[in-house]
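kindly generate the corresponding structure for this input.
(one chain, ligands or ions: 1)
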Amino acid sequence: MPRAAKPKAAPAKKQAKSKLYAMPEKLKENTILTDLAKGQWRIGPSIGIGGFGEIYAACRNGDKQFDAVVKCEPHGNGPLFVEMHYYLRNAKLEDINNFKRQQSLKSLGMPHILANGSTDINGHKHRFIVMPRYGSDLSKFYVQNGNRLPEATVYRLALQMLDVYQFMHSTGYVHADLKAANILLGMGKGGGSSQAYLVDFGLASHYVTGDFKPDPKKMHNGTIEYTSRDAHLGVATRRADLEILGYNLIEWLGGVLPWVREKLLAVPQKVQKAKEAFMSDVGAALKPLFPQGVPASISEYMKYVAQLKHNEAPDYDKCRKYFHNALKQMRVTNSGDLDFKLKPLISNSSKNNNNSPPLVKKATIKKEASLIVDSSFSDDVILASDDDDENCISQSTPRRKLAAKAKAKASIKQPPTKTTPPIRKAAPKSSTSASPKKREAPRSASPSKRPKLDGNANAKINFSPALSLRAGRAGRAGKTVINDDLTPQPRSNKTYEFNFELDVSMDANVIVNVKRKKKPQQSNSISNTPSTPRTPRTPKTPPTSQPSGRRMATPTTRVNLRKVKGGADGITSPNPSSSSARSPRTPAVTVRKYRR
Ligand SMILES: Nc1ncnc2c1ncn2[C@@H]1O[C@H](COP(=O)(O)OP(=O)(O)OP(=O)(O)O)[C@@H](O)[C@H]1O
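Residues are numbered from 1 along each chain as shown. Here you go, the predicted structure:
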């Protein structure tokens with residue numbers, strides 16, 4: 001079991017706030033945890049590790065069957081705090097049962113919390129929640145089947161997830177991170193089950209009902225393949241949840257999403273653009289994904305999602321109808337265990353129980369990097385705090401911001417790409433301890449709104465750290481990434497790790513040494529930094545005597561770029577000269593800051 005990182009020192013309150021998301025200390029089997037209601041839980045074997053915590057089988061002390069799980073994270077981590085509070089405030093068993101009654105549902109794939117508490121492990125304070133234990137997650141079946149699921153099962157899953165969405169939206173929240181790895185089968189008999197459960201509420205947040213206001217602090221939150229267009233802009237909406245489901249349905253049916261096929265996953269802005277284009281004419285965009293014909297249900301559903309307003313309540317019944325109709329046409333009933341066995345192809349035909357495109361091996365479509373983002377925990381979201389009172393869970397609970405630091409779980413499913421090798425070392429701590437408030441505001445993805453360069457520059461670089469995501473540990477497929485982790489606070493003389501979108505149509509993972517220079521008083525030229533003798537000279541700035549206010553407002557930002565050469569070595573070096581020494585052939589680049 002890979003343990004990515006662990007807290008170095010006893011988690012003093014202040015220290016915890018500036019740390020990366022820490023992985024939990026290991027819980028030994030048979031450890032007894034006492035929850036806040038004094039219930040006792042015996043820890044069994046570890047059954048899963050997520051990006052932020054570890055999941056153990058568990059049972060009430062005295063019981064023999066491990067029919068519960070304990071999810072445990074260091075106390076300072078945000079996601080479990082968010083998840084726990086979502087459950088406690090909105091998803092009590094009673095609430096879920098009420099909803100089921102109202103909707104005449106026999107079952108609902110909405111988990112509930114059994115208990116929660118805190119515990120000390122090896123001197124480190126941890127938070128834990130106890131939940132019912134579920135079975136396999138869907139990603140296992142998806143991979144086993146060569147990256148597809150039986151068509152009827154896809155529609156049944158769509159129906160079940162729409163039910164969960166409807167419940168969650170009725171509580172004022174969106175999930176924002178639906179994916180196969182976050183959908184677990186119930187513990188059914190005979191290895192199957194009729195109900196799938198949506199787990200991982202670490203990104204749950206209030207959806208907007210008013211104006212659409214992009215929020216740089218939350219931009220790109222989620223799992224990059226499926227992040228909705230609204231989530232790319234940092235806005236939580238109900239239509240976004242529906243869109244995320246749609247992208248998943250397309251994949252489960254064997255379609256390859258354009259931004260995956262085109263290997264754009266390492267650059268969220270490109271994924272965002274691709275999704276905008278895709279959804280702007282979704283009917284046409286779906287056609288190449290399903291050469292044998294776009295399933296009507298998918299086409300209708302995506303078209304419906306595409307025209308929803310950002311604050312509009314979705315018509316869940318209408319959506320369900322698309323999938324009910326599809327099942328009807330297939331003469332499949334929406335009951336019984338979900339079937340995950342893909343029937344073999346009928347000879348001379350590509351038909352099986354997934355009537356969608358021919359099998360495309362995902363392995364051949366190398367993902368550049370897949371990032372899961374969860375941004376800082378904003379005020380309208382449940383906020384983590386080191387000293388929260390877990391007994392007092394109400395809207396009036398003081399909410400304190402935690403500097404959220406993401407850590408992606410080790411992936412065994414998607415090997416890292418050759419083109420953008422994952423950076424295995426974490427970014428330097430200094431680069432990840434930024435206060436979200438101090439981050440540079442991201443620029444619009446729209447080319448028309450791009451800022452103009454002030455003067456000539458040796459290279460035009462859209463220097464937009466808040467929109468660049470780190471492809472470090474998080475740079476693996478299908479992982480949730482937290483924006484907050486990825487945006488270093490701009491400070492001079494520090495080394496940052498970026499993935500840049502270069503206006504010269506060249507992408508590269510680079511080490512960036514940023515040095516800000518004060519406005520030159522007399523000189524028309526900007527000298528090179530002493531540590532980087534190869535840096536080309538910046539073109540002349542306009543003379544101070546010129547009647548131009550531009551110069552005054554545009555201090556020069558010097559950026560030395562060094563390509564990341566596939567390994568972790570060197571990425572943490574804050575020393576620009578040593579960086580240069582290791583990759584002598586990569587040219588240094590000096591840029592001028594954009595004028596706003
Ligand atoms: N209630 C449960 N019953 C059984 N297995 C579970 C349960 N909850 C989680 N798991 C397993 O643990 C894995 C990680 O869980 P989860 O996604 O909640 O963790 P996380 O740290 O939030 O991960 P992520 O990186 O997706 O944010 C799941 O993919 C699943 O295999």
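
so Gln102 sits in a strand?
No: Gln102 sits outside any strand when classified using DSSP: H, G, I helix; E, B strand; the rest coil, being helix.

please report the distance of it from Tyr197.
To Tyr197, Gln102 is 19 Å away according to C-beta to C-beta, to the nearest Å. Placement of C-beta: from N, CA and C, glycine included.

go on, Asp339?
Distance from Asp339 to Tyr197, by C-beta to C-beta: 17 Å.

comparing these two, which shows the higher neighbour count?
Tyr197 (24 against 16; other C-beta atoms under 10 Å).

so who does the residue nearest to that one when sequence neighbours are not counted touch?
Distances taken as C-beta to C-beta, 6 or more residues apart in numbering put Gly109 closest to Tyr197, at 4.3 Å, once the chain neighbours are dropped. Shown in contact with Gly109 (C-beta atoms under 8 Å, 6 or more residues apart in numbering): Gln160, Met161, Asp163, Val164, Ile183, Gln195, Ala196, Tyr197, Leu198.

reformat the residues you listed as a markdown table; add secondary structure, distance to Pro45 and pLDDT.
Output for the contacts of Gly109, formatted as a markdown table (DSSP: H, G, I helix; E, B strand; the rest coil; distance: C-beta to C-beta, whole Å; pLDDT from 0 to 100):
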| residue | secondary structure | distance to Pro45 | pLDDT |
| --- | --- | --- | --- |
| Gln160 | helix | 28 | 98 |
| Met161 | helix | 29 | 98 |
| Asp163 | helix | 31 | 98 |
| Val164 | helix | 28 | 98 |
| Ile183 | strand | 22 | 97 |
| Gln195 | coil | 24 | 96 |
| Ala196 | strand | 23 | 97 |
| Tyr197 | strand | 20 | 97 |
| Leu198 | strand | 24 | 98 |
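
low-confidence stretches in the stretch 251-400 of the chain?
Within the stretch 251-400 of the chain, the stretches with pLDDT under 70 are 345-400.

residue numbers of the chain in contact with the ligand?
47-48, 50-53, 55, 69, 79, 131, 133-134, 137, 181-182, 184, 199-200, 202, 409, 479-480 (C-beta under 6 Å from any ligand atom).

before we move on, the earlier item: how near is the residue nearest to Tyr197 to the ligand?
12 Å (C-beta to the nearest ligand atom, to the nearest Å).

could I get the phi/psi values of that residue?
phi -80, psi 40 (degrees, to the nearest 10).

confirm Val70 sits in a strand?
Yes: counting by three-state DSSP, Val70 is part of a strand.

so what pairs up with it in the strands?
Tyr56, Val130 (DSSP bridges).

ok, it - contacts?
Leu27, Leu33, Trp41, Ile43, Ile55, Tyr56, Ala58, Phe128, Ile129, Val130.

please repeat the previous calculation with a cut-off of 7 Å.
Leu33, Trp41, Ile43, Tyr56, Ala58, Phe128, Val130 (C-beta atoms under 7 Å, 6 or more residues apart in numbering).

among these, which one sits closest to Tyr87?
Val130 (10.4 Å; C-beta to C-beta).
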